[in-house]
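Engineer: pasted the sequence and its predicted model underneath.
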Amino acid sequence: MKLTLRRPDDWHLHLRDGAALGAVVAHTAARFARAIVMPNLKPPVTTTELARAYRERILAALPAGARFEPLMTLYLTDRTSPAEVARAKASGIVRAVKYYPAGATTHSEAGVTAIERIDAALAALEEHDLPLLVHGEVTDPAVDVFDREQVFIDRVLAGVVRRFPRLRVVLEHVTTREGVAFVRAAGRRVAATITPQHLLLNRNALFEGGIRPHHYCLPVLKREPHRAALVDAATSGEPQFFLGTDSAPHARLTKETACGCAGVYSAHAAIELYAEAFERAGRLDRLEGFASGFGADFYGLPRNTELITLTQAAWDVPASYPFGDDVLVPFRAGEALRWRLDAPPGG
């Protein structure tokens with residue numbers, strides 16, 4: 001069996017920098033025409049000029065002949081100015097601004113400490129029609145880790161959407177029934193990305209036969225009813241839900257440790273994993289809209305015209321990939337996948 005669809009885009013991606021960037025960018029470029037690249041480097045990408053320089057490093061790291069466009073983002077801080085938002089919009093290379101609550105996830109220490117401190121920046125984003133991408137979790141230690149998305153929606157996101165009615169917002173890597181319901185109720189200016197791991201796994205996967213550090217991500221995997229709600233949203237054909245892998249590479253030694261990093265690496269087989277999830281749901285006919293249409297529409301970009309083909313043929317995911325001085329353990333390492341990407345465009 002073969003499945004042909006427009007070449008997809010990844011609307012939430014971590015590429016890192018330096019040797020790590022060179023180790024992973026080819027996986028994304030083989031599958032996706034474009035990707036929204038996260039700005040949480042060290043130091044973070046807080047200005048348009050930093051975004052421009054990072055974009056050049058990504059382009060330089062691409063394999064020869066690869067056709068791939070990085071879409072840049074700025075890292076929102078308490079000090080992001082309306083003037084910087086205006087520069088970002090005028091640049092033509094910055095497509096969104098990312099909101100990390102300070103301390104919420106990897107390299108988020110410089111993030112927003114209180115929503116009230118960024119009102120001027122949010123007003124500028126609304127004025128210049130630059131989307132706000134949200135890591136939707138509170139960092140309040142009194143809130144259970146499995147409830148942090150729902151509490152963030154109630155305490156923060158609902159107010160932002162109400163106070164800035166023309167602001168386009170993406171609830172990144174949505175993980176809960178409540179998140180799905182919020183996006184559905186908010187209208188077309190609010191959207192959500194959904195990761196392959198949150199479609200394929202529930203929180204039991206963190207503990208199968210022992211602690212599974214390579215299944216640990218933020219937001220964490222949730223209970224089965226939440227996973228089922230995500231599958232329903234992704235396969236619904238509703239345009240406010242679209243593909244965003246949140247593929248996040250970490251060296252094995254930083255995952256398999258007493259205090260491991262959060263992140264699942266899926267770029268090596270991302271579209272294949274989504275095909276598996278949609279096939280399980282009996283909705284393969286709706287994969288193209290989710291993967292190749294709705295995100296481009298939301299960002300006001302043309303849909304890709306190139307095609308890719310997936311073949312239903314088993315292949316084994318390597319146990320690891322080279323990653324600087326260490327190795328990177330991918331999602332489903334050592335397991336067989338049902339779908340295989342045929343030769344990519346330009347490959």
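Structural biologist: Great, that's in hand. Residues are numbered from 1 along each chain as shown.
Engineer: quick one: residue 193 is in a strand?
Structural biologist: Yes: with DSSP: H, G, I helix; E, B strand; the rest coil as the criterion, residue 193 is part of a strand.
Engineer: report the contact partners of it.
Structural biologist: For residue 193, the contacting residues are 11-12, 170-174, 241-244, 246, 295, by C-beta atoms under 8 Å, 6 or more residues apart in numbering. C-beta: built from backbone N, CA, C; applies to glycine.
Engineer: okay, and which of these map to strands?
Structural biologist: Among the contacts of residue 193, the residues falling in strands (DSSP state E) are 11-12, 170-171, 241-243.
Engineer: need these in a markdown table (columns: distance to residue 318, neighbour count and pLDDT).
Structural biologist: Output for the ones in strands among the contacts of residue 193, formatted as a markdown table (distance: C-beta to C-beta, whole Å; neighbours: other C-beta atoms under 10 Å; pLDDT from 0 to 100):
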| residue | distance to residue 318 | neighbour count | pLDDT |
| --- | --- | --- | --- |
| 11 | 26 | 31 | 99 |
| 12 | 24 | 27 | 98 |
| 170 | 32 | 28 | 98 |
| 171 | 33 | 29 | 98 |
| 241 | 31 | 27 | 98 |
| 242 | 28 | 28 | 99 |
| 243 | 23 | 26 | 99 |
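Engineer: relative to residue 115, which of those residues is nearest.
Structural biologist: Closest approach to residue 115 among the ones in strands among the contacts of residue 193 (C-beta to C-beta): residue 171, at 14.8 Å.
Engineer: please, where are all the helices along the stretch 151-300 of the chain?
Structural biologist: Ranges of helices within the stretch 151-300 of the chain are 158-163, 177-186, 196-200, 224-234, 252-255, 270-280, 287-288, 294-299, based on DSSP state H, counting those that start in this stretch.
Engineer: ranking those by burial, who's on top?
Structural biologist: Across the helices of the stretch 151-300 of the chain, averaging neighbours per residue (mean count of other C-beta atoms under 10 Å) puts helix 196-200 on top, at a mean of 24.
Engineer: distance from the chain centre to that one, please.
Structural biologist: 12 Å (C-alpha atoms, centre = their mean, to the nearest Å).
Engineer: what does it contact?
Structural biologist: So helix 196-200 is contacted by 173-175, 215, 217, 221-222, 227, 230-231, 234, 245, 264, 266, 270, 273-274, 276-277, 331 (C-beta under 8 Å, 6+ apart).
Engineer: cool, and stretch 282-293?
Structural biologist: Stretch 282-293 is contacted by residues 3, 5-9, 234-237, 239, 241-243, 271, 274-275, 278, 303-304 when judged by C-beta under 8 Å, 6+ apart.
Engineer: swap the cut-off to 6 Å and go again
Structural biologist: 5-6, 8, 234-235, 237, 242-243, 278, 303 (C-beta atoms under 6 Å, 6 or more residues apart in numbering).
Engineer: for those, which one is nearest residue 250?
Structural biologist: Taking C-beta to C-beta as the measure, residue 250 sits nearest to residue 243 out of those, at 21.5 Å.
Engineer: look up the closest residue to residue 281, ignoring the ones flanking it.
Structural biologist: residue 235 (4.8 Å; C-beta to C-beta, 6 or more residues apart in numbering).
Engineer: ok, that neighbour - contacts?
Structural biologist: Residues in contact with residue 235 (C-beta under 6 Å, 6+ apart) are 278, 281, 283, 286.
Engineer: out of those, which is nearest to residue 164?
Structural biologist: Nearest member of these to residue 164, counting by C-beta to C-beta, is residue 286, at 30.9 Å.
Engineer: quick one: that closest one and residue 310, what's the gap?
Structural biologist: From residue 286 over to residue 310 the distance is 15 Å, taken as C-beta to C-beta, to the nearest Å.
Engineer: pick out whichever of the two has more residues nearby.
Structural biologist: Between residue 286 and residue 310, counted using other C-beta atoms under 10 Å, the more crowded position is residue 310 (22 against 16).
Engineer: tell me the contacts of that one?
Structural biologist: By C-beta under 6 Å, 6+ apart, the neighbours of residue 310 are 3, 275, 339, 341.
Engineer: parallel or antiparallel, list what pairs with the longest strand seen in the chain.
Structural biologist: Criterion DSSP E: the longest strand present in the chain is strand 307-316. When pairing is defined by DSSP bridges, strand 307-316 lines up against strand 2-6 (antiparallel), strand 336-341 (antiparallel).
Engineer: adding mean neighbour count and distance to residue 113, write these out as TSV.
Structural biologist: Listed next are the strands paired with strand 307-316 as TSV, based on neighbours: other C-beta atoms under 10 Å; distance: least, C-beta to C-beta, whole Å:
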stretch	mean neighbour count	distance to residue 113
strand 2-6	15	41
strand 336-341	17	42
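Engineer: can you say which of those strands is nearest to residue 187?
Structural biologist: When these are compared by C-beta to C-beta, strand 2-6 sits nearest residue 187, at 25.6 Å.
Engineer: so that closest one versus helix 270-280, what angle?
Structural biologist: Using axes from the mean of the first three to the mean of the last three C-alpha atoms, to 10 degrees, the inter-axis angle of strand 2-6 relative to helix 270-280 is 120 degrees.
Engineer: work out the gap between strand 2-6 and the centre of the chain.
Structural biologist: 22 Å.
Engineer: kindly report the same for stretch 317-326.
Structural biologist: How far stretch 317-326 lies from its chain's middle: 21 Å, per C-alpha atoms, centre = their mean.
Engineer: try stretch 22-38
Structural biologist: 12 Å.
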